[in-house]
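Chemist: Fold the following.
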Amino acid sequence: PRPRSVGGMSATTEPDTTERPDPVLQEVPLGTQWPTIDPFLFCAHHRDAYPEGDEELGPAVGFAGRDIGQDFAGKDGWNMYHGSHVPGFPHHPHRGFETVTVVRQGLIDHSDSLGATARFGRGDAQWLTAGRGVVHSEMFPLVDRDGPNPLHLFQIWLNLPAADKLVDPYFTMLWAEDIPQLVHADEAGRTTTVTVYAGGLDGIEPLAPPPNSWAARPEADLAIWHLELEPGATWTLPAAEGPDTIRVLYVFEGAGIEVGGHAVGNDVGAVVRCDAPVELVGGAAPAEVLVLQGRPIGEPVARYGPFVMTTEQEIRQAFDDYNATQFGGWPWDDDAPHHGPTRGRFALHADGHLEER
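Modeler: Model (predicted):
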C-alpha cells in the first residue's frame, strides 16, 4: 500500500499498482568456472568425490582411463587435475592478482616460493596476493584411508589495480573458527546462515584481507558471502553502499531460490540490482548461494594463463621476469609437496610466524 503523511506518521490509502523493477538483471548457467564481473576475474568451483586414500595420500584406485597431468574429465566423479599421484596443482606461477580459496570440505596443502607452507581446509579460507610474482602448489591430500575424501572448494580470482600489480606477495589465513557468521531466523523460525569472508554485513565485520587487496579499500564495497537457506527461509539482502557496485548471486545447491519474487534456478548465476534491499526466499530444498559483489576497478585487463596485468607488454614482461628469476625459485624438494597423513591444520608464513589449528 502507498503511505500518505498524517502528522508525521504513515497511513494507508489505495493499493499501490506501481510495477516494481525486476531485481534480476541477467542470468547465466554455471559450470566449473563461473563467469564474474570486474573486479573479479572468475570463480572456479571444485567438487570431487575422492575415494579412500593410499599410503602416499593419492586415490587408492588405479588411474586407468585418466590423462595424468591433465585430468579434468571428472571420471568417477573426481579429477586428478595436474597431479601425478596426489590430486591438485603442482607448482605454478602467478602475478598481478589475488586468489581467495574457500574450502568447504577436504584439505589443501600449500607451499610457495617465499618458503611459506600450510595445510588448511574444512571451512578455512586462504587469501593470497600474488603481486609481483609468486610460485605455489595446491595439493589435495587424501588423508582418510578407510573412507571417502570429499573435496569442495571455491577459488575466486580477484583483480588488483594497476598501482598494486607489483606489490610484495602476501597471504592471509582465515581460519574457520574465526570467520564471522550471521544467523537469521524468520518469523517461522527458518534460518539463513551467512558466512562473511569479506564485506561487512548487518554490523558484522569480516576478518582483514591482505593489506594491498582491492578489498582493503573501503570504497571498493567488496563482499564475499556464503549463504545457506533452509527450505522456505526468508532473509533480506541489504543494499550495497556504492551506486556503481555490482552484485552476483551464484545458486549452486538446492532447488533454486526466489530473489525479490524472481525465481532463480539451481546452477545459475544471477546479476542482481543492489541499490535497494531484496528479499531472498529459499526453495523446496536447502539452498546454498555464493555472493560476490564489488565496485569495478575499471582498468584494462590483459590476461594470459597465470598472469593478469593491464597491457600486453606487461604480460610479456611477466614471462621474461619469471623465466629469469622463477619469482625467487622453488625451495622445496618436490614439485607437489604435501604434509603427510597426520599433520593438522597450520600455516608457516614466510617471516617464520607459525599458526597452529
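Chemist: Let's verify residue 324: helix, strand, or coil?
Modeler: Of the three states, residue 324 takes helix under DSSP: H, G, I helix; E, B strand; the rest coil.
Chemist: My error: substitute residue 151 in the last question.
Modeler: Classification of residue 151 using three-state DSSP returns strand.
Chemist: let's number from 516 now, not from 1
Modeler: With the count now opening at 516, the last piece we talked about shows up as residue 666.
Chemist: Can you get me a residue count around the residue nearest to it when sequence neighbours are not counted?
Modeler: Setting aside the residues directly before and after it, residue 666 is nearest to residue 621 in space (CB to CB, 6 or more residues apart in numbering), at 3.5 Å. Quick note: C-beta positions are derived from backbone N, CA and C, even for glycine. Using other CB atoms under 10 Å, residue 621 is surrounded by 22 other residues.
Chemist: On the pLDDT front, check residue 621 for me.
Modeler: Residue 621 carries a pLDDT score of 98 in this model.
Chemist: quick one, strands of the stretch 766-872 of the chain?
Modeler: 772-774, 777-779, 783-787, 793-797, 802-809, 817-819, 822-824, 861-863, 869-871 (DSSP state E, counting those that start in this stretch).
Chemist: now what about the longest one, what contacts it?
Modeler: Yep, that's strand 802-809 we're talking about. Identification of contacts with strand 802-809 by CB atoms under 8 Å, 6 or more residues apart in numbering yields 551, 553-555, 558, 669, 671, 714, 729-730, 735-744, 746, 752, 755, 760-772, 781, 789, 795.
Chemist: can you give me the angle it makes with strand 793-797?
Modeler: Taking axes from the mean of the first three to the mean of the last three CA atoms, to 10 degrees, one finds that strand 802-809 is oriented at 150 degrees with respect to strand 793-797.
Chemist: could I have strand 802-809 exported to PDB, CA atoms only?
Modeler: Only the C-alpha atoms of strand 802-809 are listed here, as PDB (Å, rounded to 0.1, in the frame of the first residue of the first chain):
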ATOM      1  CA  ALA A 802      19.900 -23.900  -0.800                       C
ATOM      2  CA  GLU A 803      23.500 -22.600  -0.900                       C
ATOM      3  CA  VAL A 804      24.400 -19.300  -2.600                       C
ATOM      4  CA  LEU A 805      27.700 -17.600  -3.100                       C
ATOM      5  CA  VAL A 806      27.500 -13.800  -3.300                       C
ATOM      6  CA  LEU A 807      30.300 -11.800  -5.000                       C
ATOM      7  CA  GLN A 808      30.000  -8.000  -5.100                       C
ATOM      8  CA  GLY A 809      32.300  -5.100  -5.600                       C
END
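Chemist: pretty sure residue 764 is touching residue 780, no?
Modeler: No: if you go by CB atoms under 8 Å, residue 764 and residue 780 don't touch, sitting 11.8 Å apart.
Chemist: who's more crowded, these two?
Modeler: residue 764 (27 against 14).
Chemist: ok so the more buried one is a strand residue?
Modeler: Yes: according to three-state DSSP, residue 764 belongs to a strand.
Chemist: who touches it in this structure?
Modeler: Residue 764 sits next to 774, 779, 784-785, 787, 804-806 when contact means CB under 8 Å, 6+ apart.
Chemist: again with residue 580
Modeler: Taking CB under 8 Å, 6+ apart as the test, what residue 580 contacts is residue 590.
Chemist: For it, give its distance to residue 663.
Modeler: Separation of residue 580 from residue 663 (CB to CB, to the nearest Å) stands at 20 Å.
Chemist: hey, where'd the helices end up in this structure?
Modeler: 827-840 (DSSP state H).
Chemist: wait, doesn't residue 607 sit right on residue 654?
Modeler: No: taking contacts as CB under 8 Å, residue 607 lies outside contact range of residue 654: 11.8 Å.
Chemist: Those two: which has the busier surroundings?
Modeler: residue 654 (28 against 14).
Chemist: Return the set of residues that bridge with that one.
Modeler: Beta bridges link residue 654 to residue 603, residue 624, judged by DSSP bridges.
Chemist: same question, residue 672
Modeler: Going by DSSP bridges, residue 672 is paired in beta bridges with residue 557, residue 614.
Chemist: residues contacting it?
Modeler: 551, 555-559, 612-614, 823.
Chemist: Appreciated, that's everything.
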